[in-house]
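**Q** Provided below for reference: sequence and predicted model.
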Amino acid sequence: MRLILLGPPGAGKGTQCKRIIDKYGMAHLSSGDILRDERAAGTELGAKAQGYMDSGELVPDDLIIAMMAGAMAKAAGNYVLDGFPRTVVQGEGLDSALAGAGEKIDAVVNLVVADEVIAARLTGRRSCPKCGAVYHVENLKPKTDGKCDKGCGDLVQRDDDKPEVISNRLKTYHTQTAAVVGYYESKGNPIITVDADRDIDVVTAAVLAELDDVSA
Ligand code: AP5
């Protein structure tokens, strides 16, 4: 299956992707995670992305399209895209790469959450820098405060989860990314719209129920 998960920052894309890959055995291709890995490894791409990420702006389309094409090539047609595409230009780049290989996206899942809910989610998020597990100080607590349940060590708060950066990320989402949903609608791709302002397990159940039909 080839899936795209769309939604604003903090909608729960990463959280739900981890549950989708557990169920269907797919690769989780998160553009944000790949960029953070590039930064941690001190690569040229990571250095180019840094300023954009820290201010809540989008990294330029050409860099992202090349990066994600490389990740998709390794995933052998069984993946969920998280955080990509984030502009219509990226969607067009993805579609032309897929069409060239005779492939297509099987479903687009759109997680819908109001802006008012998002700030509390992002300021309370804690992540494991080693395994990528995502927690929340109230909604999804680790077993021991500040420690990853998988024994990796200390959890961290992302630099871009500061209030001033969150507001810019939301602005960026509304001005540049929200249009991607309309792009896929206009192309006739099946869109699965899910109210993500509910308990995490309830959202997971709703997403998986729809994906069971897609994978059948
Ligand atoms: P990226 O890492 O992709 O960030 P994002 O899209 O802003 O999404 P988040 O990771 O913040 O949120 P999420 O939806 O995954 O939520 P999560 O599951 O963690 O991108 C970072 C930056 O990289 C961008 O700003 C940009 O600069 C750059 N970038 C990345 N991709 C790019 C691209 N394609 N083009 C250009 N630039 C790109 O959940 C959040 C918190 O809420 C967690 O604590 C979780 O426990 C909690 N939570 C989740 N679901 C629920 C729920 N239902 N109820 C209560 N709490 C919940």
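**A** Sure thing, it's come through.

**Q** List the contacts of Ala47.
**A** Counting by CB atoms under 8 Å, 6 or more residues apart in numbering, Ala47 makes contact with Arg39. C-beta here means a position set from N, CA and C on the backbone, and glycine is covered the same way.

**Q** That one is in what secondary structure piece?
**A** Ala47 is located in helix 44-55, with elements delineated by DSSP states H and E.

**Q** pLDDT on the lengthiest helix in the chain, on average?
**A** The helix of greatest length in the chain, counted in residues with DSSP state H as the criterion, is given as helix 200-215. Averaging the model's pLDDT scores along helix 200-215 yields 94.

**Q** just stretch 50-59 next, same as before
**A** Averaging pLDDT along stretch 50-59 yields 96.

**Q** which parts of it are buried?
**A** Counting neighbours by 16 or more other CB atoms under 10 Å, one finds that the buried residues in stretch 50-59 are Met53, Gly56, Leu58, Val59.

**Q** now do the same end-to-end measure for that stretch.
**A** End-to-end distance of stretch 50-59 (CA to CA, to the nearest Å): 9 Å.

**Q** wait, does that stretch contact the ligand?
**A** Yes. With CB under 6 Å from any ligand atom as the measure, stretch 50-59 is seen reaching the ligand through Tyr52, Met53, Gly56, Glu57, Leu58, Val59.

**Q** repeat for stretch 84-96
**A** Yes. Among the residues of stretch 84-96, Phe84, Arg86, Gln90 lie within reach of the ligand under CB under 6 Å from any ligand atom.

**Q** sorry, back to before: the residues of stretch 50-59 next to the ligand: which two are farthest apart?
**A** Taking CB to CB as the measure, those span a maximum distance of 11.3 Å, between Gly56 and Val59.

**Q** Count the residues that sit near the nearest residue to Val203 once chain neighbours are set aside.
**A** The shortest distance from Val203 to any residue other than its chain neighbours is 5.1 Å, reached at Ala196 (CB to CB, 6 or more residues apart in numbering). Ala196 has 26 neighbours, counted by other CB atoms under 10 Å.
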